[in-house]
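sequence-free structure coming up:
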C-alpha cells in the first residue's frame, strides 16, 4: 500500500470472508468517527438466541423430570391436578406458563412415559 494514511482498514485484494482485517493505526482524520458495534451486535444476537434455546431446552427437561417423578410416585392423576402440581413445583425455579406445561405433558404422552386413561380422557396414567 503506497497511501497507507488514506485508508482506515487494510484488506487484501484477495480477501476471503474469514480472512483477518487489519486496522491502519497510521490513519488520521479528525472528522471521521467509526462505529464498530454492528459486527459485534450480530454476534451478541446469535449468542442470545443460542442461550435462549439452551435455557428453553433445560426448562423443558426440568418440567418433564418433575412430571415423571410426580407420576411415578402417584401412578395416576387427573390432568388438571398434574398440571397444577407441575406449575407449583416449576414456578419455584422459573416463570412457567400453562401452555408450556401442557406441551410438556403431551410430549411425555407421545414418548409413552404417560398415557391417557381409556375410560376417562382427563386422567393420566404413569407407564412403568
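Everything's here; your move. All values reported here derive from a predicted model rather than from experimental measurement.

any low-confidence regions in the protein?
The model of the chain has pLDDT under 70 over residues 1-17, 34-39.

what's the helix or strand for the residue nearest the centre of the chain?
In the chain, the residue lying closest to the centroid (CA atoms, centre = their mean) is residue 53, at 1.3 Å. Secondary structure assigned from DSSP states H and E places residue 53 in helix 37-74.

show me what that helix is packed up against.
Helices and strands touching helix 37-74, as assessed by 3 or more CB pairs under 8 Å, 6 or more residues apart in numbering; DSSP states H and E, comprise helix 79-91, helix 98-110, strand 114-116, strand 123-126. (Glycine included, C-beta is placed from N, CA and C.)

mind redoing it with 7 Å?
Here helix 37-74 touches helix 79-91, helix 98-110, strand 123-126, going by 3 or more CB pairs under 7 Å, 6 or more residues apart in numbering; DSSP states H and E.

now distance to residue 33 too, for these, in JSON lines please.
Formatted as JSON lines, these follow (distance: least, CB to CB, whole Å):
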{"stretch": "helix 79-91", "distance to residue 33": "48"}
{"stretch": "helix 98-110", "distance to residue 33": "45"}
{"stretch": "strand 123-126", "distance to residue 33": "62"}
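
dump these into TSV; add mean neighbour count and distance to residue 22 as well.
Listed next are the helices and strands packed on helix 37-74 as TSV, based on neighbours: other CB atoms under 10 Å; distance: least, CB to CB, whole Å:
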stretch	mean neighbour count	distance to residue 22
helix 79-91	16	51
helix 98-110	15	48
strand 123-126	19	63
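
closest one to residue 26 among these?
Comparing those by their distance to residue 26 (CB to CB), the top pick is helix 98-110, with 56.3 Å.

how far is the closest one from where the chain is centred?
In terms of CA atoms, centre = their mean, to the nearest Å, the centre of helix 98-110 is found 18 Å from the chain centre.

make residue 1 into 54 and carry on from there
Sure thing, new numbering starts at 54, so read that last one as helix 151-163.
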